[in-house]
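just a sequence and a predicted model for now, questions to come.
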Amino acid sequence: MDWPGWALFGLAATAALTVVMIAAQMAGLTRLDLPLVLGTLVTADPDRARVAGFFLHLAAGQGFALGYAATFALLGWSTWWLGALLGLLHVAVALTVILPLLPGIHPRMASHRAGPASRAVLEPPGLLALNYGIQTPAVAAGAHLLYGAVLGLLLQAR
């Protein structure tokens, strides 16, 4: 297992994914704000939530990068396209399982069952995060393809 590569390249891949997601949000392609969604798990203040969420996102990116690096180590090889395939698997699980389940544990996110009495400040993502915009699944898929390809490419070179 390439520990130094995982540590450095996990940050690089997470930075690339984050740049794509923020650029897409600023371009109006999606309303998904991962730092805000993650940060509001720990604080209600939106400005503080974005800061906390940024660091939570970096930590999550490192955790996922560890899984990618372990997969590459188990297989004994890595390429950009294998990383991209893992990125597709990653985003498929995120959009169909993780995000739809998030309202069940997120203290500041509405659920489809909570109704108008809810005091939640965040809208639930829904299946494929479509509640954050019709282009959100494509943006998320592109960002995760890039994430996996970066990891596969950089870990291959080591």
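Good, I have the coordinates. Numbers count the residues shown, from 1 in each chain.

please make it C-alpha for all contacts and neighbour counts, starting now.
Fine.

quick check: longest helix of this structure.
helix 46-75 (DSSP state H).

how far does the next helix or strand after that helix sit from its chain's centre?
Remark: after helix 46-75, the chain's next helix or strand is helix 80-93, criterion DSSP states H and E. Centroid separation for helix 80-93 versus its chain: 12 Å, with C-alpha atoms, centre = their mean, to the nearest Å.

stretch 21-40 too?
Averaging C-alpha positions (C-alpha atoms, centre = their mean) puts stretch 21-40 10 Å from its chain's average.

need the per-residue pLDDT for Ala157.
Ala157 carries a pLDDT value of 66.

again, but for Ala120
71.

let me know the secondary structure of it.
The three-state label given to Ala120 by DSSP: H, G, I helix; E, B strand; the rest coil is coil.

surely it touches Met109?
Yes: Ala120 is within contact range of Met109, at 5.0 Å (criterion: C-alpha atoms under 8 Å).

who has more neighbours out of those two?
When neighbours are counted by other C-alpha atoms under 10 Å, Ala120 and Met109 differ, and Met109 comes out ahead with 21 against 16.

who's the more buried one bridged to?
Leu122 (DSSP bridges).

residues touching it, list them.
Contacts for Met109 (C-alpha atoms under 8 Å, 6 or more residues apart in numbering) come out as 103, 120-124.
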